[in-house]
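Give me a model of this one.
(chains A and B, ligands or ions: 3)
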Amino acid sequence: MNWKNAFSTSIGKKILVGGTGLFLILFLVVHCYVNAMIFWPDEPGETGKHFTEAAAFMGGNVAIRIMEIGLFAGLIIHIVQGLLLWSQNSKRRPVRYEVSAGNNTSRWYSRSMGLLGTLILLFLILHLYHFWAPNRYGQAFDAAWREEDLYEKMVKVFSQMWVVVVYVLGCVSLAWHLMHGFFSAFQTFGLTTHRYKATIKSVGVAFSILIPLIFAAMPVYLHFIGSSGH
Amino acid sequence: MQHYNMNLTLKVWRQRSNKVKGHFESFQVKNISSEMSFLEMFDVLNEQLVAEGKDPIAFDHDCREGICGMCSMYINGRAHGPWTQNTTCQLHMREYKDGDTIVVEPWRAESFPVIRDLVVDRSAFDRIIGAGGYVSVNTGNAVDANSLPIEKQKADEAFAAASCIGCGACVAACPNASAMLFVSAKIAHLALLPQGEPERKNRAVNMIQQMDTEGFGSCTNIGACEAECPKGISLENIARLNREYVGAIFSGSNNG
Ligand code: HEM
Ligand code: SF4
Ligand code: FES
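Ligands and ions are numbered 1, 2, ... in the order given. From the prediction side, this is the model:
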């Protein structure tokens, strides 16, 4: 076995999905930490200063821009391999069962990773269109570009109710995706030994609830409180 | 528990060979005793069919005591029926009551083609074992057990993994029709023991490659296999198999 075909076996493909999945989890932590600064109380006369500073740092920093390429590569590998795995697996039982076990033997979200991932992807497209594309486009093609104030932008975007609803649904999909994905990735790397299994499971559940909850609170907060408070 | 008799409706999968399409056929069985096993109930039905001059239903069975793994039946959506850590031959009719309808299907997977009715071809498992599930040391006569000391915990884990009977319920239950639980049990059993050490790396890689060649799905850690395995084989074995595989890639197995 050499490196070339090490990733083409069934376990190899899983390692790619799991590895990139863990990398995306790491990204979520950073992303959530930076964005949560919108909840940091302002001094009188300021609006969203802490967040705006952090966002400007992330937006203008060369190292972050380089890491972003890695992030996109990881995301694309994750999506392509994940959906490939999902579609190949769905062909392994050409004649379906008349009666299926359903939730008697497994959890619905563990059987729905492809669907949940696709929902996240749909949300991501809207999300990148809102907050990533405008600034990066300007940075690349517009000589007169200066970083758009993302706090103001958030207030504007989240003043529309339908956007808030879509973002919250995106976070709900992410929560269920992680509810299986967190544990699953550790299992894929063989780290869920007898000693650590229970801990990894509990940390996974806590993470899957906490991070999406903080994310979901942002559009809701800005819709109802953020814009009127200043 | 009070013994009772019951009448049942059975919806059973009929298929003459893997070349033709199958279909469900309904049967009425009468006066089934709650003391019978599920297979004995099928014996009664088959006697009835033979008496009527019809084709009996083909189904696999051998030991009828829960150790050989032959009795593959997917019963009302559950591999080996609703009882946990149980085989079809050890499922008893006291589970059911008068008037129940029971749907019985074969193991369904691309890699387990139907031979006839409820009988499927599980020789893919034999070929996976053939690819590496063996120890090549010439052992000669049985040696004294104490001449090769094995840590108690490892011996226990290896023994638990070795209790896999190759029934294929894990494949039948898995939404991906993956054989990972079976393969992991065979690999863990040998990887934990000193006798299995010489072929350790090649074994993991070769058995996985054979598993893929046979057309089983990829494991996505859903866990339905563990829930349905009659021998309680744990998902921890799959974690071990993944470690064995990663270890084999990093340190290089010697088969190209
Ligand atoms: C920030 C976003 C995301 C995170 C943090 C994430 C995380 C994860 C993790 C940790 C796994 C488990 C990997 C394993 O079992 O080893 C996983 C699996 C999966 N992901 Fe994602 N994911 C994200 C977005 C997506 C997107 C956008 C898609 C597809 C459109 C997707 C599709 C899948 C699929 C199909 C699987 C299933 C593979 C399996 O069951 O093993 N994911 N994800
Ligand atoms: S792992 Fe369990 S379900 Fe799978 S073949 Fe072995 S005994 Fe049967
Ligand atoms: S017939 Fe042997 S296990 Fe059921």
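
drop to CA atoms for contacts and neighbour counts, all remaining ones
Fine.

May I see the buried residues of stretch B:185-200?
Of all the residues in stretch B:185-200, those buried under the rule 16 or more other CA atoms under 10 Å in any protein chain shown are B:185-193, B:195-196, B:199-200.

can you list contacts of it?
B:129, B:132-137, B:150, B:154-155, B:157-162, B:164, B:203-204, B:233, B:237-238, B:240-241 (CA atoms under 8 Å, 6 or more residues apart in numbering or on different chains).

okay, how far is it across it, tip to tip?
Using CA to CA, to the nearest Å, one end of stretch B:185-200 lies 14 Å from the other.

mean confidence score for it?
If you average the pLDDT over stretch B:185-200, you get 92.

cool, stretch A:28-39 as well?
Taken as a whole, stretch A:28-39 carries a mean pLDDT of 90.

for stretch B:87-106, same thing?
Across stretch B:87-106, the per-residue pLDDT values average to 98.

Send me that stretch as PDB with only the CA atoms.
Only the C-alpha atoms of stretch B:87-106 are listed here, as PDB (Å, rounded to 0.1, in the frame of the first residue of the first chain):
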ATOM      1  CA  THR B  87     -30.300 -15.100  16.500                       C
ATOM      2  CA  THR B  88     -33.400 -16.100  14.600                       C
ATOM      3  CA  CYS B  89     -33.300 -19.700  15.800                       C
ATOM      4  CA  GLN B  90     -33.300 -18.300  19.400                       C
ATOM      5  CA  LEU B  91     -36.200 -16.000  18.800                       C
ATOM      6  CA  HIS B  92     -39.300 -17.600  20.300                       C
ATOM      7  CA  MET B  93     -42.900 -17.200  19.300                       C
ATOM      8  CA  ARG B  94     -43.900 -15.800  22.800                       C
ATOM      9  CA  GLU B  95     -42.800 -12.500  21.300                       C
ATOM     10  CA  TYR B  96     -45.900 -12.500  19.100                       C
ATOM     11  CA  LYS B  97     -49.600 -12.600  19.800                       C
ATOM     12  CA  ASP B  98     -52.600 -13.900  18.000                       C
ATOM     13  CA  GLY B  99     -53.500 -12.100  14.800                       C
ATOM     14  CA  ASP B 100     -50.000 -10.500  14.300                       C
ATOM     15  CA  THR B 101     -48.600  -9.900  10.800                       C
ATOM     16  CA  ILE B 102     -44.900 -10.700  10.400                       C
ATOM     17  CA  VAL B 103     -42.800  -9.500   7.400                       C
ATOM     18  CA  VAL B 104     -39.800 -11.700   6.700                       C
ATOM     19  CA  GLU B 105     -37.100 -10.600   4.200                       C
ATOM     20  CA  PRO B 106     -33.600 -11.900   3.300                       C
END
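
what about that stretch and ligand 2, touching?
No - Stretch B:87-106 stays clear of ligand 2 (CA under 6 Å from any ligand atom), getting no nearer than 9.2 Å.

ditto for stretch B:199-216
No - residues of stretch B:199-216 are not located near ligand 2 by CA under 6 Å from any ligand atom, the shortest gap being 12.8 Å.

if we can go back for a sec, and the buried residues of stretch B:185-200 as JSON lines, adding secondary structure?
Below are the buried residues of stretch B:185-200 laid out as JSON lines (DSSP: H, G, I helix; E, B strand; the rest coil):
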{"residue": "B:185", "secondary structure": "helix"}
{"residue": "B:186", "secondary structure": "helix"}
{"residue": "B:187", "secondary structure": "helix"}
{"residue": "B:188", "secondary structure": "helix"}
{"residue": "B:189", "secondary structure": "helix"}
{"residue": "B:190", "secondary structure": "helix"}
{"residue": "B:191", "secondary structure": "helix"}
{"residue": "B:192", "secondary structure": "coil"}
{"residue": "B:193", "secondary structure": "coil"}
{"residue": "B:195", "secondary structure": "helix"}
{"residue": "B:196", "secondary structure": "helix"}
{"residue": "B:199", "secondary structure": "coil"}
{"residue": "B:200", "secondary structure": "helix"}
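
Nearest to residue B:229 among those?
Closest to residue B:229 out of those is residue B:185 (11.3 Å), distances taken as CA to CA.

quick revisit: list only buried entries from the contacts of stretch B:185-200.
Buried members of the contacts of stretch B:185-200, scored by 16+ other CA under 10 Å, are B:129, B:132-133, B:157-162, B:164, B:203-204, B:233, B:237-238, B:240-241.

how about low-confidence regions in chain A?
A:1-4, A:145, A:147, A:226-230 (pLDDT under 70).

Contact residues of it facing chain B?
With CA under 8 Å from any CA of the partner chain as the criterion, chain A meets chain B at residues A:1-3, A:6, A:9-11, A:14, A:85, A:88-90, A:92-101, A:105-107, A:110-111, A:184, A:187-194.

Which ones among the buried ones among the contacts of stretch B:185-200 map onto helices?
Among those, the members found in helices (DSSP state H) are B:129, B:157-162, B:203-204, B:237-238, B:240-241.

would JSON lines of these with pLDDT be doable?
Output for those, formatted as JSON lines (pLDDT from 0 to 100):
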{"residue": "B:129", "pLDDT": "96"}
{"residue": "B:157", "pLDDT": "95"}
{"residue": "B:158", "pLDDT": "96"}
{"residue": "B:159", "pLDDT": "96"}
{"residue": "B:160", "pLDDT": "97"}
{"residue": "B:161", "pLDDT": "97"}
{"residue": "B:162", "pLDDT": "96"}
{"residue": "B:203", "pLDDT": "93"}
{"residue": "B:204", "pLDDT": "91"}
{"residue": "B:237", "pLDDT": "97"}
{"residue": "B:238", "pLDDT": "97"}
{"residue": "B:240", "pLDDT": "96"}
{"residue": "B:241", "pLDDT": "96"}
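
Break chain B into its domains for me.
Domain ranges of chain B: B:5-116, B:123-251, per automatic domain parsing.

Against the centre of chain B, work out the most remote residue.
Relative to the C-alpha centroid of chain B, counting by CA atoms, centre = their mean, residue B:147 is the outermost residue, at 34.2 Å.

next one: phi and psi at that one?
Residue B:147 adopts backbone torsions of phi -80, psi -10, taken as degrees, to the nearest 10.

how much space between it and ligand 3?
34 Å (CA to the nearest ligand atom, to the nearest Å).

quick one: which of the ones in helices among the buried ones among the contacts of stretch B:185-200 is nearest residue B:174?
Relative to residue B:174, and with distances defined as CA to CA, the nearest of those is residue B:238, at 13.7 Å.

mind listing the helices for chain A?
Going by DSSP H, chain A shows helices at A:3-6, A:10-35, A:49-60, A:62-89, A:113-131, A:133-141, A:150-157, A:161-188, A:197-221, A:227-229.

next one: phi and psi at residue B:167?
Residue torsions, per degrees, to the nearest 10, at residue B:167 are phi -80, psi -30.

again with residue B:6
phi -150, psi 160.

State the distance from it to residue A:48.
73 Å.

So between those two, which is more surrounded?
Between residue B:6 and residue A:48, counted using other CA atoms under 10 Å in any protein chain shown, residue A:48 has the larger neighbour count: 20 against 17.

Of all residues in chain A, which one is nearest the centre?
Centre-most residue of chain A, counting by CA atoms, centre = their mean: residue A:28, 5.8 Å.
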